[in-house]
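Novice: 3D model of this:
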Amino acid sequence: MSLQSEPIGSIPRPTTLLAGIADHAAGRIGLDALDVLYDDAVRDTIARFEALGSPVVTDGEQRKPSFMTYPVHGLSNVATDGVVVEFADGHSRQLPRLTAGPFRYATRSADYLRSAQRYATVPVKQAVIAPSALSLLYPQDGIEGYDREAFLGDLADEAEADIRGALEAGAHRVQLDFTEGRLAVKLDPSKGLLNSFVSLNNLVLDRFTPAERLRIGVHTCPGGDQDSTHSLDVDYAEFLPSLFSLHAGVFYVQLASEPDPDRVLAVIAEQTSPEQRIFVGVIDPIDPIVETPELVRDRVLRAAEFIPPQRLGSCDDCGFSPFGDDTSTPGETAWAKVRARLEGTALAAEQLGV
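Specialist: Numbers count the residues shown, from 1 in each chain. As a prediction, the model looks like this:
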């Protein structure tokens with residue numbers, strides 16, 4: 001299959017791991033026992049990807065408490081009462097709040113990558129959180145003795161180190177999760193917040209060489225948690241031009257759940273440059289119905305009418321379980337969707353003759 005196809009990130013965690021996390025939190029098992037469960041989940045995730053013929057794999061984010069907060073998990077200078085993100089179904093997620101400087105990552109993505117590489121026989125990609133998302137941890141009323149500019153400087157340094165560490169550890173590609181981009185338009189229709197996010201991310205991306213940026217991608221979606229989204233009601237056309245102004249070589253764009261994908265594809269065709277590779281979402285992780293390979297094929301073929309096949313790839317719209325406690329999607333449903341993505345992309349490649 002010459003048309004590239006990649007997973008976005010998270011795969012539902014097995015019940016044994018979820019039980020082990022709860023047991024560890026309650027003091028019933030130790031860290032060593034929990035680590036064995038994490039290893040088992042990572043090994044199984046990679047084995048399942050490879051058995052389906054996935055040319056690129058991830059660790060399914062089995063070890064991450066969430067796709068966003070992994071860098072600060074366990075830090076002593078964060079509180080739990082940060083920014084609240086509201087989802088369409090009424091549930092919410094509350095982000096941490098930084099209480100004191102300096103800002104430092106507690107965990108780096110290269111640690112997850114190396115754990116996955118022990119079991120993989122094909123290339124491994126690594127998802128990282130975009131610095132713009134972590135900028136939301138700084139409180140609006142500031143921190144005494146640690147102003148916002150100092151925080152943003154530290155954040156840029158830490159985000160660069162996180163990306164660079166994964167690249168140097170041999171990641172096939174490093175994927176910046178930028179789900180807050182579309183949300184920014186909802187929170188601030190003037191796009192001032194979105195512009196600040198793009199500027200911060202580009203500040204970090206510009207620290208990498210053009211060759212390195214070809215291995216750096218940006219993922220966007222309207223959120224995906226407990227079968228709900230936080231910004232699907234935001235017009236994609238209001239966001240996509242800013243997305244493609246990011247200085248990355250690859251973009252992973254949620255599309256399967258869009259009500260008017262042709263309109264989105266037209267905007268993508270107009271706004272992207274020839275050196276940018278576009279992976280379009282052909283699987284909707286929060287839809288319980290499993291897509292058929294033929295539906296995936298047709299979605300890829302439709303995208304190929306707008307994006308040249310040599311610049312085109314397929315992906316899932318979002319991770320299947322970005323937050324560690326999200327059990328809304330059964331594991332077997334997720335794996336059936338992964339199979340459909342791979343088989344459908346292969347069918348499209350055959351029909352396109354690439």
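Novice: Okay, strands next: where are they in the protein?
Specialist: Under the criterion DSSP state E, strands of the chain are mapped to 4-6, 78-79, 84-86, 92-94, 97-98, 126-129, 174-177, 216-220, 250-253, 277-283, 312-316.
Novice: Looking at these, which is nearest to residue 66?
Specialist: Each of the strands of the chain was checked against residue 66 via Cβ to Cβ, and the shortest separation belongs to strand 92-94, namely 8.2 Å. Every C-beta, even on glycine, is put in place using the N, C-alpha and C of the backbone.
Novice: circling back: in TSV, list the strands of the chain along with distance to residue 233.
Specialist: Formatted as TSV, the strands of the chain follow (distance: least, Cβ to Cβ, whole Å):
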stretch	distance to residue 233
strand 4-6	27
strand 78-79	30
strand 84-86	12
strand 92-94	16
strand 97-98	27
strand 126-129	24
strand 174-177	20
strand 216-220	15
strand 250-253	17
strand 277-283	17
strand 312-316	21
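Novice: Any chance of those in TSV with mean pLDDT and mean neighbour count as columns?
Specialist: As requested, the strands of the chain are exported to TSV (pLDDT from 0 to 100; neighbours: other Cβ atoms under 10 Å):
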stretch	mean pLDDT	mean neighbour count
strand 4-6	97	23
strand 78-79	96	16
strand 84-86	93	15
strand 92-94	93	14
strand 97-98	98	20
strand 126-129	98	26
strand 174-177	98	27
strand 216-220	98	25
strand 250-253	98	26
strand 277-283	98	26
strand 312-316	98	26
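Novice: Tell me which of those sits nearest to residue 52.
Specialist: Closest approach to residue 52 among the strands of the chain (Cβ to Cβ): strand 4-6, 10.6 Å.
Novice: From the contact counts, what lies against the closest one?
Specialist: When contacts are defined as 3 or more Cβ pairs under 8 Å, 6 or more residues apart in numbering; DSSP states H and E, strand 4-6 packs onto strand 277-283, strand 312-316, helix 331-352.
Novice: where does this structure dip in pLDDT?
Specialist: Confidence mapping of the chain against pLDDT under 70 gives the ranges 1.
Novice: circling back to that earlier point, among the strands of the chain, which is nearest residue 49?
Specialist: strand 4-6 (10.4 Å).
Novice: now that closest one, how far from the chain's geometric center?
Specialist: A distance of 14 Å separates the C-alpha centroid of strand 4-6 from that of its chain, computed with Cα atoms, centre = their mean, to the nearest Å.
Novice: so how far is residue 112 from the most centrally placed residue in the chain?
Specialist: The chain has residue 177 as the residue nearest its centroid, 3.8 Å off, counting by Cα atoms, centre = their mean. Residue 177 sits at a distance of 13 Å from residue 112 (criterion: Cβ to Cβ, to the nearest Å).
Novice: what ranges do the helices span in the stretch 101-250 of the chain?
Specialist: According to DSSP state H, counting those that start in this stretch, the stretch 101-250 of the chain carries its helices in the segments 109-117, 131-134, 148-168, 180-187, 192-205, 210-213, 240-243.
Novice: In TSV, list those helices along with mean neighbour count.
Specialist: As requested, the helices of the stretch 101-250 of the chain are exported to TSV (neighbours: other Cβ atoms under 10 Å):
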stretch	mean neighbour count
helix 109-117	21
helix 131-134	25
helix 148-168	19
helix 180-187	23
helix 192-205	19
helix 210-213	13
helix 240-243	18
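Novice: Now render these as a markdown table, adding distance to residue 312.
Specialist: Compiled in a markdown table, the helices of the stretch 101-250 of the chain are given as follows (distance: least, Cβ to Cβ, whole Å):
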| stretch | distance to residue 312 |
| --- | --- |
| helix 109-117 | 26 |
| helix 131-134 | 26 |
| helix 148-168 | 24 |
| helix 180-187 | 21 |
| helix 192-205 | 22 |
| helix 210-213 | 19 |
| helix 240-243 | 16 |
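Novice: Quick one, which of the ones you listed gets closest to residue 324.
Specialist: Using Cβ to Cβ as the criterion, the shortest distance between residue 324 and the helices of the stretch 101-250 of the chain is 13.2 Å, found for helix 109-117.
Novice: now the angle from the closest one to helix 148-168?
Specialist: Helix 109-117 and helix 148-168 are oriented at 20 degrees to each other (axes from the mean of the first three to the mean of the last three Cα atoms, to 10 degrees).
Novice: who touches helix 109-117?
Specialist: 38-39, 42, 46, 57-59, 61, 63-64, 70, 124, 126-128, 162-163, 165-166, 168-171, 174 (Cβ atoms under 8 Å, 6 or more residues apart in numbering).
Novice: Contacts only, for the residue nearest to residue 247 when sequence neighbours are not counted.
Specialist: When the adjacent residues along the chain are set aside, residue 247 lies closest to residue 205, with 4.3 Å between them (Cβ to Cβ, 6 or more residues apart in numbering). Residue 205 sits next to 213, 216, 246-248 when contact means Cβ under 8 Å, 6+ apart.
Novice: okay, the residues you listed in TSV with distance to residue 33 next?
Specialist: Output for these, formatted as TSV (distance: Cβ to Cβ, whole Å):
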residue	distance to residue 33
213	41
216	36
246	42
247	44
248	39
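Novice: from the residues you listed, which single one is nearest residue 22?
Specialist: residue 216 (35.6 Å).
Novice: The closest one reaches residue 250, doesn't it?
Specialist: Yes: when contacts are counted by Cβ atoms under 8 Å, residue 216 is listed as touching residue 250 (7.0 Å).
Novice: Many thanks, have a good one.
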